[in-house]
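*Asks:* Predicted model and sequence below, questions to follow.
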Amino acid sequence: MSGPGELMHALVRRLHPICRSMTGDGVRRTLEIIGESVKLDVHEVPTGTPVLDWTVPQEWNIRDAYLKDRTGRRVVDFAASPLHVVGYSVPVHATLPLAELREHLHTLPDQPDLIPYRTGYHTGTWGLCLSENTLRELQDEEYEVHIDATLADGHLTYAEHVVPGRQADEVLIECHTCHPALANETLAGIAVAVQLAQALAEIPGGPRFTYRFLFAPGTIGSITWLARNRDRVGLVKHGLVLACAGDPGPLRYKRSRRGDAAVDRAAAYALRDREHTVVDFTPYGYDERQFCSPGFNLPVGLLTRSPNEGYPEYHTSSDNPDLVTPDALAGTLAAVREIVEVLEGDRVYLNLQPYGEPQLGRRGLYRSPALNRDNKQHQMAILWILNYSDGDHSLLDIAERSAIPFAALLEAARVLIEAGLLTEAPQSPDSGGERA
Amino acid sequence: MSGPGELMHALVRRLHPICRSMTGDGVRRTLEIIGESVKLDVHEVPTGTPVLDWTVPQEWNIRDAYLKDRTGRRVVDFAASPLHVVGYSVPVHATLPLAELREHLHTLPDQPDLIPYRTGYHTGTWGLCLSENTLRELQDEEYEVHIDATLADGHLTYAEHVVPGRQADEVLIECHTCHPALANETLAGIAVAVQLAQALAEIPGGPRFTYRFLFAPGTIGSITWLARNRDRVGLVKHGLVLACAGDPGPLRYKRSRRGDAAVDRAAAYALRDREHTVVDFTPYGYDERQFCSPGFNLPVGLLTRSPNEGYPEYHTSSDNPDLVTPDALAGTLAAVREIVEVLEGDRVYLNLQPYGEPQLGRRGLYRSPALNRDNKQHQMAILWILNYSDGDHSLLDIAERSAIPFAALLEAARVLIEAGLLTEAPQSPDSGGERA
Amino acid sequence: MSGPGELMHALVRRLHPICRSMTGDGVRRTLEIIGESVKLDVHEVPTGTPVLDWTVPQEWNIRDAYLKDRTGRRVVDFAASPLHVVGYSVPVHATLPLAELREHLHTLPDQPDLIPYRTGYHTGTWGLCLSENTLRELQDEEYEVHIDATLADGHLTYAEHVVPGRQADEVLIECHTCHPALANETLAGIAVAVQLAQALAEIPGGPRFTYRFLFAPGTIGSITWLARNRDRVGLVKHGLVLACAGDPGPLRYKRSRRGDAAVDRAAAYALRDREHTVVDFTPYGYDERQFCSPGFNLPVGLLTRSPNEGYPEYHTSSDNPDLVTPDALAGTLAAVREIVEVLEGDRVYLNLQPYGEPQLGRRGLYRSPALNRDNKQHQMAILWILNYSDGDHSLLDIAERSAIPFAALLEAARVLIEAGLLTEAPQSPDSGGERA
């Protein structure tokens, strides 16, 4: 009842009603709630700050919005759903005939029950979103439209949570925070990230890598973070963007632009026995677009279930907590944890007795493979590690070749190190150094 | 009625009756007719000229040939088809019993209606070709055989047509000219080459590459050209041999010996949505054998429809204009033109704002992908080009990865260059220089 | 009746009853019988000799063993099958109740008719193997158990047979000799090796490579050989372990650890038209485990029919001469001989006329491909060799690309060398030198 799936689903439900956008108090409120579970460093970046090729925009806040008919009834009401307002709408208060209103009203004619999600970033316009059915019921008369919003100098808000590791090298986990009321597309990834952070904090002695969680508005948020961390992005050795993380569709990993980064191989390995697809990088999706821009080219992949634009509820009012299931959230979390297990555990070892097989029996390492299945797997793990630990093959390489589970190889490596038969290979320059 | 398919078919029909061989007036007449459409430089190379490992042979010309029965009826008549005479037959005029004639008579027992195509190059023999049915009707009596031919010192004849480009680097297009009355095998490729040359001449400002069209007898012709151009074959950056280009079979591209030359990738790309096959290089076929001999190893592929030896009419009297269709000729031409479009347009660009995505909106480059399909493709083309223009990926690389049509990428690159976001990467040494 | 299949089967039958183990007189007797066919150098290595990470064990010999019931009847009798005694059992002579005996009695409950094969190397225990059916018939009473064996300082015995070649570079062929009464698993490989050695000896002028046949106990035998030949294992350019070589299952080649060694490619090529599988290296199997340990990493593959653990009779009393067929033995031998043919014949040649095709006609090398299938294959072989003999492609490369049989390429290369068009490329350092 209070397993991780249920905990994540409760967080999705709690965050769902908040009106988030690229900036503003909805984002701040979202970060406050996340901060109840994991300690956050919240950053406020002033409007006008240059960030890479962009500039931090004005801050947008909204208090109320509606469309009232002549009887005073709110036929569209922001209080019912933040999706009713086009994000970054300029304020308006006027009474207009339906004919003039129409260009400001957005619907989904093919999904007449649903409210679309729309934004008007950088356009200086306003608009309301409503269902096609509601639009069809409007009369050819005047309506009072009111968007009680402010667009003014302020700040862009994002937050970081860091789980310190034994190495300064970082794993970046990023979720976008800018979409209102989209449970699967936005909030499920946040919930998975929060649970992952809590799990990492429980590793005795801490994880190997330092884990940096970034909660930021899409595009401009990651661009702002990259601009402010330009000198240290080289510390990011692995990364994952999480989105669309809670629907029941199969898992889908989109490789980093590098295509063969360690996280790409770890993700493919972790997903191998789960219903999944793995696809190549494309420059369209979430913030991996920025991390994987050619100047940075960071090893950051995207993990989703149904991908953006890949499910009918995407960017509509049907992307609500009913679309997200505790099981799907738990499945995403389990996959991410296995990716992390591989990243944490993968190393290149050296067999210290590489000429012929070492005599395992006199070291107490020989268990007859005939005895049982687990014994046989352990014995095979020992043989595989001894044979391929030549400085060129890591445990993940061996896992891929041998089809022996990574965890069994970890255990066999531990036993061989204890027996003096195995040692970690000198680190390659790219793998970073231990903290001093 | 007068589309390119029909024009090419008319040329095939006009050239069909001419008796061509390795040398002689039939080749000269063929080049005269081609020269009515595109300006030709005709080269005459004297008998005995050493060319690579070979020597230019004597010139062969034929006026008449027949087999007459005792009543004086021509049972085999050169006037009916030039295929009736074995190419390079030495002259003969004799009356012989059928039993002695048989070793000089060639038929196709499995295709009893058809006359085979045979040559006796370098053999000093003579022969006649006829249908098996005709042979069966011959009586066991004497026949008068007459081959009124001359084999004497003279010349080997070939021709070039050049469409000058902005670069000295060349694209070589070659067709063999040595086969009599084979409409698909020989003449269809010539017709496609002529149309291509005319199309290239219409490009405003001229094409990027210099296009050299070579019309030459098979084997000895390309060997002669290679021998006479040995110091400048390095200018050939791409090349195509055209043969068997007009039958209704699927297109077939045989890669150059290099296997991954630009023309090999361009051809595979251009054929992707057409019925086709792509096969690896083999050292048997047309003049790609010479261009791709290991000493030269030029990037020259072979484009056919049904390949040599791959259709029942091959090298028989049934390879006549009825086998060739205007549609098939037009399809071959369209494929060649798309190959040329890719070769002309493929370049490596550099994104000048490679850190994060540049802000497209303030440059007027952002069109909402939601608007329509073409907009979305254009927007995606911009994102793909920006992301992969890192100096390592050309437009063709991007087209292959993105499945966006090459023409759409060309347009997006143009827009990005205008916006100051993209520039051509410095040319690699291999890509040749602009003309001074 | 006396073809190679029957000869090999006769040898299997003759060797089958002998009680072999890691050491001892059974191995010596086996080598004596092999030595009747091929001259052997027998090596005796004293107990206690350090060999790599191991030590040569004590020598084990057995004269008799039985389990007698109260009537004096031998219910288990070593004379019936050497499998009845656990290999390396310490001597015992006692009368024990069934309850105490049980932990020393080994059966196969799932195959109740069969006697298992078991060893107790390095354990200091004793045991008997019997069928589950026999065990079930035993009464709950006392039995006299006697294992008349000695375990004492002595020697480990292995043997080599060498077929000298024109080069010092070696091909290693290894068979394990340590298993009692296992016809397919142990003896079929020995029989194939003996026939191969005899065939190599008949090559006029001797083979190109020196062939070293090693008959040694599994694991400790190859480890001992490696320890004693550590300075000269670099001479081993190719190698094959033979085991499970006589059952009717399809051939199976397991690649060397290198994966792309010449023997791996030769084996895949030789098996291409036979029922077979090819699998990647795994560090479990026969003595390829030692040759392919990362320190040595020799290019040694494993050829079997049904693999170890891959057939129900494996390591039971049903692995007897009835499981092995003359046809299967002959098929394994034929495959090994084709592997050897490719290793012997594969070379890199250089076309001495690489610019254009050389004129074959004036050298008498042109046979019209139209004439017949063999002519066509020969003509194509000439064209393929000329085109790809550029210093980068060997005959095997050309065989793989062209699908022309290796033997036809060998013949075409011979013809081209005679014509002065081809020469052997300078040897790469790795290919070793001719004997002085």
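*Replies:* Noted; the coordinates are in hand.

*Asks:* and the stretch 51-200 of chain A, which residues reach chain B?
*Replies:* Taking Cβ under 8 Å from any Cβ of the partner chain as the contact definition, the stretch 51-200 of chain A meets chain B at A:52-54, A:121-122. Any C-beta I mention is one placed from the backbone N, CA and C, and that applies to glycine too.

*Asks:* Can you turn the buried subset of those into a selection I can paste into ChimeraX?
*Replies:* Applying 16 or more other Cβ atoms under 10 Å in any protein chain shown to those, the buried members can be selected in ChimeraX as follows:
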select /A:52,53,54,121
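
*Asks:* Among the residues of the stretch 51-200 of chain A next to chain B, which lie within strands?
*Replies:* A:W54 (DSSP state E).

*Asks:* Same question for stretch A:113-130: list its buried residues.
*Replies:* A:114-121, A:126-130.

*Asks:* just those now: which is nearest A:L421?
*Replies:* A:Y117 (58.0 Å; Cβ to Cβ).

*Asks:* Tell me how many other residues crowd the closest residue to the closest one other than its chain neighbours.
*Replies:* Spatial nearest neighbour of A:Y117, excluding adjacent residues (Cβ to Cβ, 6 or more residues apart in numbering or on different chains): A:H315 at 4.3 Å. When counting by other Cβ atoms under 10 Å in any protein chain shown, one arrives at 19 neighbours for A:H315.

*Asks:* before we move on, what about A:E6?
*Replies:* For A:E6, using other Cβ under 10 Å, the count is 14.

*Asks:* if I pick A:R289, what's in contact with it?
*Replies:* A:219, A:283, B:357, B:383, B:387 (Cβ atoms under 8 Å, 6 or more residues apart in numbering or on different chains).

*Asks:* out of those residues, which are inside helices?
*Replies:* Of these, the ones assigned to helices by DSSP state H are B:383, B:387.

*Asks:* got a winner among the contacts of A:R289 for most neighbours?
*Replies:* B:N387 (25 neighbours).

*Asks:* Can you tell me, leaving aside adjacent residues, what's nearest to that residue?
*Replies:* Looking at B:N387 with Cβ to Cβ, 6+ apart, the closest residue is A:P283, at 3.7 Å.

*Asks:* any idea how far A:M22 is from that neighbour?
*Replies:* 20 Å (Cβ to Cβ, to the nearest Å).

*Asks:* OK, contacts around the residue in the stretch 101-250 of chain A positioned nearest to chain C?
*Replies:* Nearest residue of the stretch 101-250 of chain A to chain C (Cβ to the nearest Cβ) works out as A:R208 at 25.7 Å. Shown in contact with A:R208 (Cβ under 8 Å, 6+ apart): A:165-167, A:344.

*Asks:* Kindly report the same for A:H179.
*Replies:* A:20, A:117, A:185-186, A:218.

*Asks:* Kindly write the ChimeraX command that selects the buried subset of these.
*Replies:* ChimeraX command restricting those to the buried ones, with burial defined by 16+ other Cβ under 10 Å:
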select /A:20,117,185,186,218
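
*Asks:* now the contacts of A:H179 as CSV including secondary structure and pLDDT?
*Replies:* As requested, the contacts of A:H179 are exported to CSV (DSSP: H, G, I helix; E, B strand; the rest coil; pLDDT from 0 to 100):
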residue, secondary structure, pLDDT
A:R20, coil, 96
A:Y117, coil, 96
A:E185, helix, 97
A:T186, helix, 97
A:G218, coil, 97
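
*Asks:* Distance-wise, check A:V51 relative to B:L383.
*Replies:* With Cβ to Cβ as the criterion, A:V51 and B:L383 are 19 Å apart.
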